[in-house]
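Student: Only the shape, not the letters, is given here:
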């Protein structure tokens, strides 16, 4: 009986050591997971921010297409991947923009623009302050449901300066 108790104690002791080792491994895995989560890119909701776009003096911009468009503002609502590998953003304007294509007569309307950082070392992101961006007018509203930018659905309008605003 004594031998059986000794064997059982030894077995339970070894089992306890094994569980302790497994717990330590699991804790290490959990720590790695937390670090991976901290390094993960921000969710789409974190990417929403408000910007105002100003015309850059001496450059082609929205003013060439729309009256009173020297400054517009809106909310970045979605990132679009460009076929050229660049990142673009869908901007939902606070006010509808009336524009005219340069070679056409009728006045058109849009609620969306496409903006993207003009220079690689100065991307468009939260905290932007006079970040130079490419600006395009969304002429085909189906673009708002796309995940990739189709340049045929927008009109390149020129350049602007994007600055984050707090609403």
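Tutor: That came through fine. Just so it is clear, the structure is predicted and the values come from calculations on it, not from any experiment. Residues are numbered from 1 along each chain as shown.

Student: Tell me which helix or strand comes right after the lowest-mean-pLDDT helix or strand in the chain.
Tutor: One helix or strand of the chain scores below all others by mean pLDDT, DSSP states H and E: helix 2-39, with a mean of 40. As assigned by DSSP states H and E, the chain's next helix or strand after helix 2-39 is strand 49-55.

Student: Now do the buried residues in whatever helix or strand comes next after that following strand.
Tutor: Sequence-wise, the next helix or strand downstream of strand 49-55 (DSSP H and E) is strand 71-81. Within strand 71-81, the residues scored as buried using 16 or more other C-beta atoms under 10 Å are 72-76, 78, 80. Yep, even glycine has a C-beta here, placed from its N, CA and C like the rest.

Student: Residue 160 sits in which helix or strand?
Tutor: Secondary structure from DSSP H and E places residue 160 in strand 154-165.

Student: list the buried ones in that strand?
Tutor: For strand 154-165, using 16+ other C-beta under 10 Å, the buried residues are 154-155, 157-164.

Student: Now render the residues you listed as a markdown table, adding pLDDT.
Tutor: Converted to a markdown table, these look like this (pLDDT from 0 to 100):
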| residue | pLDDT |
| --- | --- |
| 154 | 94 |
| 155 | 93 |
| 157 | 93 |
| 158 | 92 |
| 159 | 93 |
| 160 | 93 |
| 161 | 94 |
| 162 | 94 |
| 163 | 92 |
| 164 | 93 |
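
Student: Determine which two of those residues are furthest apart.
Tutor: Within those, two members stand farthest from each other by C-beta to C-beta: 155 and 164, at 24.9 Å.

Student: that older thread, pick out whichever of the buried residues of strand 71-81 sits closest to residue 90.
Tutor: Comparing the buried residues of strand 71-81 against residue 90 with C-beta to C-beta places residue 78 closest, at 4.2 Å.

Student: what's the closest non-adjacent residue to the closest one?
Tutor: In space, and not counting its chain neighbours, residue 78 is closest to residue 90: 4.2 Å by C-beta to C-beta, 6 or more residues apart in numbering.

Student: immediately after the helix or strand in which that neighbour is found, which helix or strand?
Tutor: Assigned by DSSP H and E, residue 90 falls within strand 87-99. Where DSSP H and E defines the elements, the next helix or strand beyond strand 87-99 is strand 108-117.

Student: mind showing which ranges of this structure have poor pLDDT?
Tutor: Residues of the chain that meet the criterion pLDDT under 70 lie in 1-47, 120-121.

Student: same thing but 50
Tutor: Low-confidence segments of the chain (pLDDT under 50): 2, 4-8, 10-45.
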